[in-house]
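> output the structure for:
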Amino acid sequence: MTTPVADGFHMPAEWAPHARCWMAWPVRAESFPNGLEAARQAYAAVAKAIAGFEPVTMLCPDGALADVSLACGAGVSVLPMPTSDSWVRDNGPSFVIDGRGGVAGVHWGFNAWGGNYSDFQADTQVGRLILESQGLKRYAAPLIMEGGSFHVDGEGTLLTTEECLLNPNRNPHLTKAEIEAHLAAHLGVRQFIWLNKGYEQDETDGHIDEIAAFVKPGTVLTMVTDDKDDPNYPIFQDNLARLRAARDAAGRELEIVTLRTPARQEQDGVRLTLSYTNFYMANGGIVMPQFEDPADTEAVSLFRRLFPDRKILPVPALDIVRGGGGIHCITQQQPAGQPA
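Residues are numbered from 1 along each chain as shown. Predicted structure coming up:
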(Lines give C-alpha, C1' and ligand atoms only; values in the text may rest on other atoms or scores of the structure.)
Protein backbone atom coordinates (compact mmCIF):
# COMPACT_ATOMS: atom_id res chain seq x y z
CA MET A 1 0.00 0.00 0.00
CA THR A 2 1.32 3.43 -0.94
CA THR A 3 2.00 6.32 1.45
CA PRO A 4 1.47 10.08 1.15
CA VAL A 5 5.19 10.76 0.74
CA ALA A 6 5.53 8.09 -1.95
CA ASP A 7 2.75 9.92 -3.80
CA GLY A 8 4.37 13.34 -3.36
CA PHE A 9 2.45 14.67 -0.35
CA HIS A 10 3.54 16.36 2.87
CA MET A 11 1.75 18.08 5.74
CA PRO A 12 1.94 21.87 5.50
CA ALA A 13 2.45 24.22 8.42
CA GLU A 14 -0.63 25.68 10.08
CA TRP A 15 0.14 29.10 8.60
CA ALA A 16 -0.38 27.76 5.06
CA PRO A 17 -3.68 28.94 3.47
CA HIS A 18 -6.79 27.07 4.65
CA ALA A 19 -9.90 25.97 2.79
CA ARG A 20 -11.83 25.58 6.04
CA CYS A 21 -11.72 24.71 9.71
CA TRP A 22 -13.35 21.56 11.10
CA MET A 23 -14.97 21.33 14.53
CA ALA A 24 -17.31 18.89 16.30
CA TRP A 25 -20.21 19.76 18.59
CA PRO A 26 -19.83 18.61 22.22
CA VAL A 27 -21.82 15.42 22.88
CA ARG A 28 -20.11 13.63 25.79
CA ALA A 29 -21.56 15.05 29.01
CA GLU A 30 -18.98 13.35 31.24
CA SER A 31 -16.19 15.30 29.51
CA PHE A 32 -17.50 18.67 30.69
CA PRO A 33 -18.01 19.03 34.45
CA ASN A 34 -19.69 22.44 34.05
CA GLY A 35 -22.25 20.91 31.72
CA LEU A 36 -22.72 20.52 28.00
CA GLU A 37 -24.49 23.85 27.62
CA ALA A 38 -21.47 25.81 28.87
CA ALA A 39 -19.18 23.78 26.62
CA ARG A 40 -21.42 24.30 23.61
CA GLN A 41 -21.51 28.05 24.15
CA ALA A 42 -17.70 28.07 24.30
CA TYR A 43 -17.39 25.97 21.14
CA ALA A 44 -19.88 28.23 19.33
CA ALA A 45 -17.86 31.29 20.33
CA VAL A 46 -14.70 29.75 18.86
CA ALA A 47 -16.54 28.75 15.68
CA LYS A 48 -17.92 32.27 15.23
CA ALA A 49 -14.49 33.78 15.80
CA ILE A 50 -12.82 31.55 13.21
CA ALA A 51 -15.68 32.08 10.75
CA GLY A 52 -14.64 35.71 10.59
CA PHE A 53 -11.48 34.53 8.83
CA GLU A 54 -12.36 31.31 6.98
CA PRO A 55 -15.21 28.81 6.48
CA VAL A 56 -16.04 26.57 9.45
CA THR A 57 -17.80 23.21 9.30
CA MET A 58 -19.23 21.86 12.58
CA LEU A 59 -19.94 18.15 12.86
CA CYS A 60 -23.03 17.36 14.90
CA PRO A 61 -25.60 14.63 15.57
CA ASP A 62 -28.23 14.21 12.88
CA GLY A 63 -31.05 15.44 15.10
CA ALA A 64 -29.25 18.55 16.26
CA LEU A 65 -28.72 20.38 12.96
CA ALA A 66 -31.18 23.19 13.62
CA ASP A 67 -30.01 23.81 17.20
CA VAL A 68 -26.32 23.82 16.21
CA SER A 69 -26.95 26.11 13.25
CA LEU A 70 -28.80 28.54 15.50
CA ALA A 71 -26.06 28.46 18.15
CA CYS A 72 -23.18 28.96 15.70
CA GLY A 73 -24.73 31.45 13.31
CA ALA A 74 -24.86 31.87 9.58
CA GLY A 75 -21.08 31.80 9.06
CA VAL A 76 -20.76 28.20 10.26
CA SER A 77 -22.02 25.25 8.20
CA VAL A 78 -23.12 22.06 9.93
CA LEU A 79 -22.60 18.49 8.79
CA PRO A 80 -24.36 15.52 10.38
CA MET A 81 -21.83 12.94 11.49
CA PRO A 82 -21.77 10.55 14.46
CA THR A 83 -19.02 11.33 16.96
CA SER A 84 -18.18 10.00 20.41
CA ASP A 85 -16.30 13.13 21.45
CA SER A 86 -15.66 16.67 20.28
CA TRP A 87 -11.87 16.98 19.90
CA VAL A 88 -11.57 16.90 16.12
CA ARG A 89 -7.86 17.74 16.21
CA ASP A 90 -7.38 14.28 17.68
CA ASN A 91 -10.05 12.09 16.10
CA GLY A 92 -10.09 13.82 12.72
CA PRO A 93 -7.69 13.50 9.79
CA SER A 94 -4.40 15.30 9.23
CA PHE A 95 -4.42 16.90 5.79
CA VAL A 96 -1.52 16.73 3.35
CA ILE A 97 -0.76 18.58 0.11
CA ASP A 98 1.22 17.71 -3.01
CA GLY A 99 2.54 21.19 -3.82
CA ARG A 100 0.49 21.26 -7.04
CA GLY A 101 -2.83 22.25 -5.51
CA GLY A 102 -3.83 18.74 -4.53
CA VAL A 103 -5.06 17.80 -1.05
CA ALA A 104 -5.47 14.39 0.60
CA GLY A 105 -5.72 13.18 4.20
CA VAL A 106 -4.13 10.83 6.71
CA HIS A 107 -6.59 8.80 8.78
CA TRP A 108 -4.95 7.80 12.07
CA GLY A 109 -5.98 5.01 14.38
CA PHE A 110 -7.75 6.32 17.48
CA ASN A 111 -8.18 4.74 20.92
CA ALA A 112 -9.48 7.62 23.08
CA TRP A 113 -6.11 8.89 24.29
CA GLY A 114 -4.82 5.53 25.40
CA GLY A 115 -8.16 4.19 26.62
CA ASN A 116 -9.50 7.14 28.64
CA TYR A 117 -13.00 6.23 27.46
CA SER A 118 -14.49 2.90 26.40
CA ASP A 119 -17.15 4.20 23.99
CA PHE A 120 -15.03 5.76 21.27
CA GLN A 121 -16.03 3.62 18.30
CA ALA A 122 -17.71 6.43 16.36
CA ASP A 123 -14.54 8.50 16.61
CA THR A 124 -12.50 5.83 14.84
CA GLN A 125 -14.44 6.66 11.66
CA VAL A 126 -14.44 10.48 11.83
CA GLY A 127 -11.24 10.81 9.81
CA ARG A 128 -12.59 8.62 7.03
CA LEU A 129 -15.99 10.33 6.95
CA ILE A 130 -14.54 13.85 6.83
CA LEU A 131 -12.27 12.91 3.93
CA GLU A 132 -15.12 11.20 2.09
CA SER A 133 -17.30 14.30 2.56
CA GLN A 134 -14.66 16.34 0.71
CA GLY A 135 -13.88 13.73 -1.93
CA LEU A 136 -10.29 13.50 -0.70
CA LYS A 137 -8.01 10.50 -0.99
CA ARG A 138 -7.50 8.73 2.34
CA TYR A 139 -4.27 7.21 3.59
CA ALA A 140 -4.89 4.87 6.53
CA ALA A 141 -1.85 5.13 8.80
CA PRO A 142 -0.73 2.10 10.86
CA LEU A 143 -0.47 4.21 14.03
CA ILE A 144 -2.63 5.18 16.97
CA MET A 145 -2.10 8.92 16.79
CA GLU A 146 -3.82 12.18 17.73
CA GLY A 147 -3.30 15.37 15.77
CA GLY A 148 -2.65 17.34 18.95
CA SER A 149 0.36 15.18 19.73
CA PHE A 150 2.57 16.75 17.04
CA HIS A 151 3.32 20.03 15.30
CA VAL A 152 5.03 20.40 11.91
CA ASP A 153 6.73 23.39 10.32
CA GLY A 154 5.85 22.32 6.77
CA GLU A 155 9.56 22.19 5.92
CA GLY A 156 10.38 18.73 7.24
CA THR A 157 10.46 19.23 11.03
CA LEU A 158 8.15 17.57 13.55
CA LEU A 159 7.84 18.55 17.22
CA THR A 160 6.39 16.07 19.74
CA THR A 161 6.82 14.50 23.19
CA GLU A 162 8.15 11.16 24.33
CA GLU A 163 5.48 11.00 27.02
CA CYS A 164 2.75 10.72 24.39
CA LEU A 165 4.17 9.05 21.29
CA LEU A 166 6.24 6.50 23.21
CA ASN A 167 3.49 5.77 25.72
CA PRO A 168 2.68 2.02 25.82
CA ASN A 169 -1.03 2.87 25.73
CA ARG A 170 -0.73 3.98 22.09
CA ASN A 171 1.63 1.83 19.97
CA PRO A 172 3.37 -0.60 22.36
CA HIS A 173 4.54 -2.85 19.52
CA LEU A 174 6.54 -0.07 17.82
CA THR A 175 9.97 1.31 18.63
CA LYS A 176 10.80 5.00 18.53
CA ALA A 177 12.58 4.50 15.20
CA GLU A 178 9.56 2.69 13.75
CA ILE A 179 7.20 5.47 14.86
CA GLU A 180 9.50 8.04 13.26
CA ALA A 181 9.54 6.02 10.05
CA HIS A 182 5.73 5.93 9.88
CA LEU A 183 5.47 9.66 10.57
CA ALA A 184 8.11 10.41 7.95
CA ALA A 185 6.20 8.37 5.37
CA HIS A 186 2.83 9.94 6.15
CA LEU A 187 3.70 13.57 6.93
CA GLY A 188 6.83 14.22 4.88
CA VAL A 189 9.05 15.00 7.86
CA ARG A 190 12.71 14.10 8.27
CA GLN A 191 13.79 15.90 11.44
CA PHE A 192 12.25 15.04 14.83
CA ILE A 193 12.44 17.25 17.91
CA TRP A 194 11.47 15.16 20.93
CA LEU A 195 10.53 16.99 24.10
CA ASN A 196 10.14 14.88 27.22
CA LYS A 197 6.82 15.55 28.93
CA GLY A 198 3.80 17.83 28.89
CA TYR A 199 1.76 19.52 31.59
CA GLU A 200 1.28 17.97 34.99
CA GLN A 201 -1.91 15.86 35.05
CA ASP A 202 -2.55 16.28 31.32
CA GLU A 203 -4.94 13.46 30.42
CA THR A 204 -3.62 13.41 26.84
CA ASP A 205 -0.25 12.16 28.13
CA GLY A 206 1.68 15.20 27.03
CA HIS A 207 0.19 16.55 23.82
CA ILE A 208 2.61 19.00 22.25
CA ASP A 209 -0.08 21.63 21.58
CA GLU A 210 -0.34 22.22 25.33
CA ILE A 211 3.33 23.16 25.68
CA ALA A 212 4.88 24.29 22.37
CA ALA A 213 4.01 25.32 18.82
CA PHE A 214 5.75 26.41 15.65
CA VAL A 215 4.70 29.98 14.93
CA LYS A 216 6.82 30.52 11.80
CA PRO A 217 9.77 28.74 10.17
CA GLY A 218 12.52 28.28 12.72
CA THR A 219 10.52 29.75 15.63
CA VAL A 220 8.83 27.89 18.50
CA LEU A 221 6.58 29.35 21.18
CA THR A 222 6.76 27.40 24.43
CA MET A 223 5.25 27.64 27.92
CA VAL A 224 7.38 28.32 31.01
CA THR A 225 6.93 29.09 34.69
CA ASP A 226 9.14 31.02 37.09
CA ASP A 227 7.74 29.16 40.10
CA LYS A 228 10.35 26.58 41.11
CA ASP A 229 7.80 24.89 43.39
CA ASP A 230 5.49 24.22 40.46
CA PRO A 231 5.70 20.57 39.30
CA ASN A 232 5.77 21.93 35.75
CA TYR A 233 8.98 23.89 36.41
CA PRO A 234 11.45 21.00 35.85
CA ILE A 235 9.34 19.75 32.93
CA PHE A 236 9.44 23.10 31.17
CA GLN A 237 13.13 23.62 31.93
CA ASP A 238 13.96 20.27 30.36
CA ASN A 239 11.85 21.12 27.32
CA LEU A 240 13.66 24.46 27.00
CA ALA A 241 17.04 22.72 27.10
CA ARG A 242 15.96 20.30 24.38
CA LEU A 243 14.66 23.10 22.18
CA ARG A 244 17.91 25.04 22.60
CA ALA A 245 19.92 22.00 21.55
CA ALA A 246 17.66 21.17 18.60
CA ARG A 247 18.04 21.96 14.93
CA ASP A 248 15.23 21.98 12.40
CA ALA A 249 15.23 20.19 9.05
CA ALA A 250 16.95 23.18 7.46
CA GLY A 251 19.77 22.94 10.01
CA ARG A 252 18.76 26.12 11.84
CA GLU A 253 18.96 26.72 15.55
CA LEU A 254 15.48 27.48 16.82
CA GLU A 255 14.36 30.91 17.90
CA ILE A 256 12.55 30.17 21.16
CA VAL A 257 9.83 32.49 22.43
CA THR A 258 8.60 31.85 25.98
CA LEU A 259 5.31 32.69 27.63
CA ARG A 260 4.53 32.17 31.31
CA THR A 261 1.62 30.05 32.42
CA PRO A 262 -1.42 31.49 34.18
CA ALA A 263 -1.95 30.80 37.87
CA ARG A 264 -2.88 27.24 38.79
CA GLN A 265 -6.57 26.35 38.52
CA GLU A 266 -8.12 22.96 39.29
CA GLN A 267 -11.26 21.04 38.44
CA ASP A 268 -12.21 18.33 40.94
CA GLY A 269 -8.65 18.25 42.24
CA VAL A 270 -7.09 17.93 38.77
CA ARG A 271 -4.95 20.72 37.39
CA LEU A 272 -6.25 22.44 34.27
CA THR A 273 -3.84 22.71 31.34
CA LEU A 274 -3.99 26.47 30.85
CA SER A 275 -1.86 27.00 27.78
CA TYR A 276 -1.55 29.85 25.31
CA THR A 277 0.15 27.57 22.76
CA ASN A 278 -3.27 25.93 22.31
CA PHE A 279 -4.49 28.49 19.76
CA TYR A 280 -5.86 28.34 16.22
CA MET A 281 -4.05 30.02 13.34
CA ALA A 282 -6.71 31.06 10.81
CA ASN A 283 -6.38 32.82 7.45
CA GLY A 284 -5.32 36.30 8.51
CA GLY A 285 -6.06 35.78 12.19
CA ILE A 286 -5.24 34.08 15.47
CA VAL A 287 -8.00 32.82 17.75
CA MET A 288 -6.33 32.49 21.14
CA PRO A 289 -7.53 31.43 24.60
CA GLN A 290 -8.24 33.59 27.62
CA PHE A 291 -8.35 32.19 31.15
CA GLU A 292 -9.58 35.07 33.35
CA ASP A 293 -6.00 35.52 34.58
CA PRO A 294 -3.65 38.53 34.59
CA ALA A 295 -1.31 36.56 32.30
CA ASP A 296 -3.94 36.90 29.54
CA THR A 297 -2.88 40.51 28.93
CA GLU A 298 0.77 39.55 28.56
CA ALA A 299 -0.15 36.74 26.18
CA VAL A 300 -2.26 38.97 23.92
CA SER A 301 0.55 41.52 23.77
CA LEU A 302 3.08 38.85 22.83
CA PHE A 303 0.81 37.39 20.15
CA ARG A 304 0.41 40.84 18.60
CA ARG A 305 4.19 41.11 18.36
CA LEU A 306 4.58 37.54 17.05
CA PHE A 307 1.86 37.91 14.40
CA PRO A 308 1.89 41.56 13.25
CA ASP A 309 0.08 40.72 10.01
CA ARG A 310 -2.77 38.82 11.67
CA LYS A 311 -5.73 40.00 13.69
CA ILE A 312 -5.53 38.66 17.25
CA LEU A 313 -8.90 37.56 18.58
CA PRO A 314 -8.97 36.43 22.25
CA VAL A 315 -11.81 34.07 23.21
CA PRO A 316 -12.78 32.76 26.69
CA ALA A 317 -11.61 29.15 26.89
CA LEU A 318 -12.07 27.91 30.46
CA ASP A 319 -15.17 25.88 29.62
CA ILE A 320 -13.20 24.14 26.88
CA VAL A 321 -10.16 23.53 29.09
CA ARG A 322 -12.37 22.01 31.79
CA GLY A 323 -13.13 19.28 29.28
CA GLY A 324 -9.44 18.42 28.88
CA GLY A 325 -8.17 20.49 25.96
CA GLY A 326 -8.09 23.90 24.31
CA ILE A 327 -8.89 25.85 21.15
CA HIS A 328 -6.29 24.01 19.07
CA CYS A 329 -7.67 20.68 20.31
CA ILE A 330 -11.20 21.38 19.08
CA THR A 331 -10.20 22.59 15.60
CA GLN A 332 -8.51 21.11 12.55
CA GLN A 333 -7.40 23.11 9.52
CA GLN A 334 -7.96 21.84 5.99
CA PRO A 335 -5.39 23.34 3.61
CA ALA A 336 -6.50 25.15 0.50
CA GLY A 337 -6.60 23.05 -2.67
CA GLN A 338 -8.58 20.49 -4.59
CA PRO A 339 -8.89 16.71 -4.31
CA ALA A 340 -5.67 15.23 -5.66
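
> only C-alpha atoms for contact and neighbour calcs from this point on.
Fine.

> pLDDT value on residue 243, please?
At residue 243, the pLDDT value in this model is 98.

> helix, strand or coil for it?
helix (DSSP: H, G, I helix; E, B strand; the rest coil).

> isn't it up against residue 256?
Yes - with contact defined as C-alpha atoms under 8 Å, residue 243 and residue 256 form a contacting pair (7.4 Å).

> neighbour count winner among the two?
residue 243 (22 against 15; other C-alpha atoms under 10 Å).

> give me the nearest residue to that one, chain neighbours excluded.
residue 254 (7.0 Å; C-alpha to C-alpha, 6 or more residues apart in numbering).

> residue 90 now?
residue 146 (4.1 Å).

> which residues touch that neighbour?
89-91, 108, 110, 113 (C-alpha atoms under 8 Å, 6 or more residues apart in numbering).

> can we see that at 10 Å?
87-94, 107-113, 164-165, 170, 204, 207, 329 (C-alpha atoms under 10 Å, 6 or more residues apart in numbering).

> element containing residue 301?
helix 295-306 (DSSP states H and E).

> er, residue 223 actually
strand 219-224.

> sheet partners, orientation included, of that strand?
strand 212-216 (antiparallel), strand 255-260 (parallel) (DSSP bridges).

> before we move on, back to that, what's the burial count for the residue nearest to residue 243?
Residues near residue 254, counting by other C-alpha under 10 Å: 17.

> pretty sure it is touching residue 215, no?
No - Residue 254 sits out of contact with residue 215 when judged by C-alpha atoms under 10 Å, with a separation of 11.2 Å.

> follow-up on the earlier one: which residues touch the helix or strand just after the helix holding residue 301?
Using DSSP H and E, the helix or strand that follows helix 295-306 in sequence is strand 311-316. Residues outside strand 311-316 that contact it (C-alpha under 10 Å, 6+ apart) are 42-43, 45-46, 49-50, 53, 279-292, 296-297, 299-301, 303-304, 327.

> list the buried residues of stretch 291-300.
Buried residues in stretch 291-300, counted by 16 or more other C-alpha atoms under 10 Å: 291, 295-296, 299-300.

> my error: substitute stretch 129-141 in the last question.
Quick answer for stretch 129-141 (16+ other C-alpha under 10 Å): 129-131, 136-141.

> just the closest of the residues you listed to residue 37, please.
residue 130 (25.1 Å; C-alpha to C-alpha).

> show me what contacts the closest one?
Contacts of residue 130 (C-alpha under 10 Å, 6+ apart): 22, 59, 79, 81, 92-93, 105, 107, 136, 138.

> and the strand holding residue 223, how far out from the chain middle?
Computed by C-alpha atoms, centre = their mean, to the nearest Å, the separation of strand 219-224 from the middle of its chain amounts to 15 Å.

> tell me the angle of that strand relative to helix 295-306?
170 degrees (axes from the mean of the first three to the mean of the last three C-alpha atoms, to 10 degrees).

> now strand 219-224: average pLDDT?
98.

> same question for stretch 157-176.
Per-residue scores along stretch 157-176 average to 98.

> how long is that stretch end to end?
End-to-end span of stretch 157-176 (C-alpha to C-alpha, to the nearest Å): 16 Å.

> the nearest residue to residue 77 once chain neighbours are set aside pairs with what?
Using C-alpha to C-alpha, 6+ apart and skipping residues adjacent in sequence, the residue nearest residue 77 is residue 57, 4.8 Å away. Beta-bridge partners for residue 57, by DSSP bridges, are residue 22, residue 77.

> ok, back up a step: tell me which of the contacts of strand 311-316 fall in strands.
280-282, 285-290 (DSSP state E).

> quick one on the thing from earlier: show me which of the buried residues of stretch 291-300 is closest to residue 308.
Nearest to residue 308 among these, with distances taken as C-alpha to C-alpha, is residue 300, at 11.7 Å.
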